[in-house]
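In: when you get a sec, could you give me coordinates for this:
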Amino acid sequence: MVMFKVNVFEVKAKLSEYLDRAARGERIVICRHNKPVAELRPISEAQSTPRPVGPIPGRPVFDVPPSFFEPLTADELDEWEGASGGQGLAAAKSARGAARVAESKTSYGRSPRGARKPRRRS
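Out: Below is the predicted model:
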């Protein structure tokens, strides 16, 4: 496998030529101020056949048990939510106030109906 160095300005001027050389199997080290920064090399053949869909041959198929779709118990939910100090989620929420996730009514880019935008002075 042939490898040689070339500076960026030359690669810019002759990119098609260097791509052809890389397609033939050459590796080209691209330098900036004579310091290597990148490598142009051939890639392996792209897969032309579609990838198989479904389970991997030789491995058992994973069945989702019906219990997966059942709601979590209060204790499991507390563990999942990360309620600290052994208090339940409901107690933790009441202690710090209701959770305020995605409750903002801010509209970006539009002013509320009936509101005027200030005019620019020229």
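
In: which residues are contacting the helix or strand hosting D20?
Out: Using DSSP states H and E, D20 falls within helix 15-23. Residues from elsewhere that reach helix 15-23, judged by Cβ atoms under 8 Å, 6 or more residues apart in numbering: 6, 11, 28, 40-42. (Glycine included, C-beta is placed from N, CA and C.)

In: restricted to buried residues, select the residues you listed in ChimeraX.
Out: Paste this into ChimeraX to select the buried members of the contacts of helix 15-23, with burial taken from 16 or more other Cβ atoms under 10 Å:
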select :11,28,40
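
In: just the contacts of helix 15-23: which are in strands?
Out: Residues from the contacts of helix 15-23 lying in strands, with DSSP state E as the criterion: 6, 28, 40.

In: quickly list what the first one is bridged to.
Out: The bridge-partner assignment for V6, based on DSSP bridges, gives I30.

In: which residues in the protein form helices?
Out: For the chain, helices defined by DSSP state H occupy the ranges 8-13, 15-23, 74-81, 89-96.

In: ok so, going back, could the contacts of helix 15-23 go into JSON lines alongside pLDDT?
Out: Written out in JSON lines, the entries for the contacts of helix 15-23 read as follows (pLDDT from 0 to 100):
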{"residue": "V6", "pLDDT": "94"}
{"residue": "V11", "pLDDT": "93"}
{"residue": "I28", "pLDDT": "94"}
{"residue": "L40", "pLDDT": "93"}
{"residue": "R41", "pLDDT": "90"}
{"residue": "P42", "pLDDT": "88"}
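
In: tell me the one of the contacts of helix 15-23 nearest N34?
Out: Out of the contacts of helix 15-23, the one with the shortest distance to N34 is V6. That distance is 10.4 Å, counting by Cβ to Cβ.

In: in contact with V8, which residues are there?
Out: V8 neighbours (Cβ under 8 Å, 6+ apart): 30-32, 37.

In: good, we can wrap up now.
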